[in-house]
Structure formats: C-alpha cells, structure tokens
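A.B. asks: Requesting a structural model of the entry that follows:
(one chain, ligands or ions: 1)
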Amino acid sequence: VVAYFNGQFVDPDGAWVPLEERGHQFGDGVYEVIRVYSGRPFLMEEHLERLERSLRVIDIPNPHTREEWAQLIAESVRRSGEAEAQVYLQVTRGSAVRGHAFPGGTAPNVSLVVRPAAAPVHPEDAALLALPDERWPNVYVKSINLLPNVIAKETAKRAGAAEAMLVRAGVITEGASSNLWFVIGGRVYTHPANRYILGGITRQFVLQLARESGVEVVEEAVPFSKLGEVQEVFVTSTTQEILPVARVFTDRRIAPALDTLPAEPPETLLPKVEEPVEL
Ligand code: PLP
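C.D. replies: Coordinates of the predicted model:
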C-alpha cells in the first residue's frame, strides 16, 4: 500500500490529516477511484475531468494540473509495485479552525492511497435491495459525504443483497456505489446523467461500448413500477466492473415524494446573490 499526503509519500498507518480539517470535520471534499490494469490507470483522463468538475461545483481550486495528477498517479502506482491496483484520491478544502462557511486562505489537502485491487466477485445470485434514495439532490458531485450511501449499502448487505437499488420520486436512480442498467424489450435503459446520479466513468464507457456494438441504449430513468417488465439487470462501477444481477427485492415502502427541483445539474452550488430579496 502506498500513501501520499500533500507532496509526500507517507506511512499509510501514520496520522497525517490535522484534526481541524474540512474533509475530516465537514466532509468538505471530493474524491475519485481509478482502477489500474496491467500497471496502467484505466480511463484516467475521464476521472480527472470528473474530479475537475466536482471541485469546480463546490469552489475548491484544483491543486494540480492534469499533467501533475497523471505524474502523481503514475509515481504512486510505480511505488506500489502493483499491476492490478486501485487508486483512491481525495481533495478537501483544507485545514482551518472549525466553522461552516469557507475559511478562505486555505490550501486544499490532497491525499492518495494505492492498494491492490481485488478481482470483483460476481456471485451467481447477486441481488439488489430496493431502498429510498435519501441522498441530497446533487449527487453528481463525487463528494466524500457518503453517509446515506454507507447506510444503504450496509442495509443491502444485512438483507443479503450485493447492492442497493435507490428509488427517488418513483424512479430508480442508481446503486449505493454503482450505476444500474435495465433491459426492457431488447433496449438497455440507464438513468440520465443529471443531478440525481453520479455519472459513472464505467457507465460512460459501457454506453460507448453498447452503442459501438449496435445495442440500443436509452438514457431514461426506469420507474420503480415498471420493474415487472425488466428482463435483465446489471450494475457498473470502477471496482465492480460489470456485475450481472439475478434478483431484485424490497421489504419496505418506497418513498413516493415528488421532486420539484430541475433535473439539470447546476454548474456551481454557490450562486451569486446579487440582489437580495426581502421576504
Ligand atoms: N454511483 C455512485 C453513487 C458511486 O459511488 C459510483 C462509484 O463509486 C458509481 C456510481 C460508479 O462510478 P464509476 O463507474 O466512475 O466508478
């Protein structure tokens, strides 16, 4: 295992992150997970592009250029000596005395861990547990705030499922840490890459592969009520790759609340308030 923090390769078991740190205290940061095959990071440019967008949306300056990121990742993978690895990288707003609003004047903290990638397990009977999607409506930002995802995954695991199938406003969004795909009548459906899902890099790659091979793919959300018409289900993510699903189940009512927010993700979550309106 290779670990890196703010310019130095460090002991992965050491304490490097200050206690008064925005990621540590607020989850005020973003991350990426990149899979390495045969010593080469897979779809790295796409991951770095998504990282840039996540950072931009929450107004954290990108601490590195693409070239610097690529070099850092390459050097970390080289030091790990692993051919099959996964790179976890995280950027937070930085270290400051605790206070919710941005502290100003802080430099982002960069951490990175490379560890051997376990081959994804593909049980023959992988199941999905349908659960209400209780995350905030801006999950296109790959934020380190993952408590709802953690709870959903643990709930699925306790029910014997491999992954959660999250349902928001009556439609299936995605998994706790993956995107979901449904075959209906010979077409493949997956949720559009709007604010309600994390647009997976694997999702984008599978979309491209499907289109290149003449499979009809539709970026349209599947209503939970249509599950009976679904012939096949699979899951995609960087670490799971493509996981076929054998079974979908639920044991509780799915939240039917309607959303009123526009689906299009905003370019920034910090709009300028130019003319305050008195209420
Ligand atoms: N959706 C969520 C919520 C995720 O956390 C992830 C990955 O961790 C994905 C989808 C899949 O994204 P990717 O294919 O880029 O790994």
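
A.B. asks: Give me the number of neighbouring residues for the nearest residue to residue 27 once chain neighbours are set aside.
C.D. replies: The shortest distance from residue 27 to any residue other than its chain neighbours is 3.7 Å, reached at residue 145 (C-beta to C-beta, 6 or more residues apart in numbering). C-beta here means a position set from N, CA and C on the backbone, and glycine is covered the same way. Per other C-beta atoms under 10 Å, the neighbour tally for residue 145 reads 16.

A.B. asks: go on, residue 9?
C.D. replies: 13.

A.B. asks: Can you give me the distance of it to the ligand?
C.D. replies: Separation of residue 9 from the ligand (C-beta to the nearest ligand atom, to the nearest Å) stands at 25 Å.

A.B. asks: pretty sure that residue contacts residue 3?
C.D. replies: Yes - counting by C-beta atoms under 8 Å, residue 9 does reach residue 3; the two are 6.9 Å apart.

A.B. asks: one step back: that's a helix at the residue nearest to residue 27, yeah?
C.D. replies: No - according to DSSP: H, G, I helix; E, B strand; the rest coil, residue 145 belongs to no helix; its state is coil.

A.B. asks: Just the pLDDT for it.
C.D. replies: On the pLDDT scale, residue 145 is placed at 96.

A.B. asks: again with residue 202
C.D. replies: Listed pLDDT for residue 202 reads 98.

A.B. asks: For residue 155, give me its contacts.
C.D. replies: Contact partners of residue 155, counting by C-beta atoms under 8 Å, 6 or more residues apart in numbering, are 129, 131, 164.

A.B. asks: The second one - how many residues pack around it?
C.D. replies: Counted with other C-beta under 10 Å, residues neighbouring residue 131 total 25.

A.B. asks: doesn't it fall inside a strand?
C.D. replies: Yes - applying three-state DSSP, one finds residue 131 inside a strand.

A.B. asks: Unless I'm misreading it, it sits right up against residue 168, doesn't it?
C.D. replies: No - applying C-beta under 8 Å as the test, residue 131 and residue 168 come out as separate, 10.4 Å apart.

A.B. asks: rewinding a little: just name the closest of the contacts of residue 155 to residue 224, please.
C.D. replies: Looking at the contacts of residue 155 and their distance to residue 224, the nearest is residue 131, at 10.9 Å (C-beta to C-beta).

A.B. asks: Identify the residues contacting residue 116.
C.D. replies: Shown in contact with residue 116 (C-beta under 8 Å, 6+ apart): 80, 82, 84, 85, 86.

A.B. asks: Buried ones from these, can you make that a ChimeraX selection?
C.D. replies: Applying 16 or more other C-beta atoms under 10 Å to the contacts of residue 116 leaves a buried subset, and the ChimeraX line that selects it is:
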select :80,82,85,86
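
A.B. asks: now, which of the contacts of residue 116 sits nearest the ligand?
C.D. replies: For the contacts of residue 116, the closest approach to the ligand (C-beta to the nearest ligand atom) belongs to residue 86, at 10.0 Å.

A.B. asks: what does the protein have sitting close to the ligand?
C.D. replies: Taking C-beta under 6 Å from any ligand atom as the measure of proximity, the chain contacts the ligand at 33, 149, 174, 177-179, 198, 200-203, 236-238.

A.B. asks: Export those residues as a markdown table, with columns for distance to residue 248 and neighbour count.
C.D. replies: What follows is the residues of the chain next to the ligand, written out as a markdown table (distance: C-beta to C-beta, whole Å; neighbours: other C-beta atoms under 10 Å):
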| residue | distance to residue 248 | neighbour count |
| --- | --- | --- |
| 33 | 25 | 18 |
| 149 | 19 | 20 |
| 174 | 14 | 30 |
| 177 | 17 | 20 |
| 178 | 14 | 27 |
| 179 | 15 | 25 |
| 198 | 20 | 24 |
| 200 | 19 | 25 |
| 201 | 24 | 24 |
| 202 | 20 | 21 |
| 203 | 19 | 22 |
| 236 | 16 | 23 |
| 237 | 17 | 23 |
| 238 | 23 | 22 |
